[in-house]
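Novice: Just a sequence and a predicted model for now, questions to come.
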Amino acid sequence: MFKEFKEFVVRGNVVDLAVGVIIGGAFGKIVTSLVNDVLMPPLGLAMGRVDFKDLALVLKPATDTAKAVTLNYGVFINTIIDFLIVAFSIFFVVKMSNKFKRPAAVSTKTCPQCLSAIPLKATKCAFCTSAVQ
């Protein structure tokens, strides 16, 4: 059982996944800081000195024995902006990585008579038996 576990752990996919999760977590922290510390303060200032973290709807006021019950929609707005930046960044990275992929090698051609896909080296169509160049 230990040998199987060792083989599972040292497989490339598991290591790649672990690296992706770690880098993703670090990237998430960077984006959260960007939203909370760089983007939201000027946006709040432009909206009349509003701090989005403090935006909340009080559902039940605080008492001597209990805290106030609030609906913190400002934190939710920060989280949505956070998500949109992460989603756009990932979209951009995937789009750029797709540009660097090589197109697949062409291994077939189209028969001019029946429009079937046939191997490049074929001199006769296997479907309609017509001669092809």
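Specialist: Structure's in. What do you need? Residues are numbered from 1 along each chain as shown.

Novice: what's the weakest-modelled helix or strand in this structure?
Specialist: Counting by mean pLDDT, DSSP states H and E, the chain has its least confident helix or strand at helix 2-10, which shows a mean of 81.

Novice: next structured bit after it?
Specialist: helix 12-33 (DSSP states H and E).

Novice: which strands and helices sit next to that following helix?
Specialist: Packing partners of helix 12-33 (3 or more CB pairs under 8 Å, 6 or more residues apart in numbering; DSSP states H and E): helix 73-99. Any C-beta I mention is one placed from the backbone N, CA and C, and that applies to glycine too.

Novice: buried stuff in the helix it packs on?
Specialist: Within helix 73-99, the residues that count as buried by 16 or more other CB atoms under 10 Å are Gly74, Val75, Ile77, Asn78, Ile81, Asp82, Ile85, Val86.

Novice: for stretch 106-125, same thing?
Specialist: For stretch 106-125, burial by neighbour count (16+ other CB under 10 Å) applies to Cys111, Ile118, Cys125.

Novice: Select from those residues every entry located in strands.
Specialist: Counting by DSSP state E, the buried residues of stretch 106-125 place Ile118 in strands.
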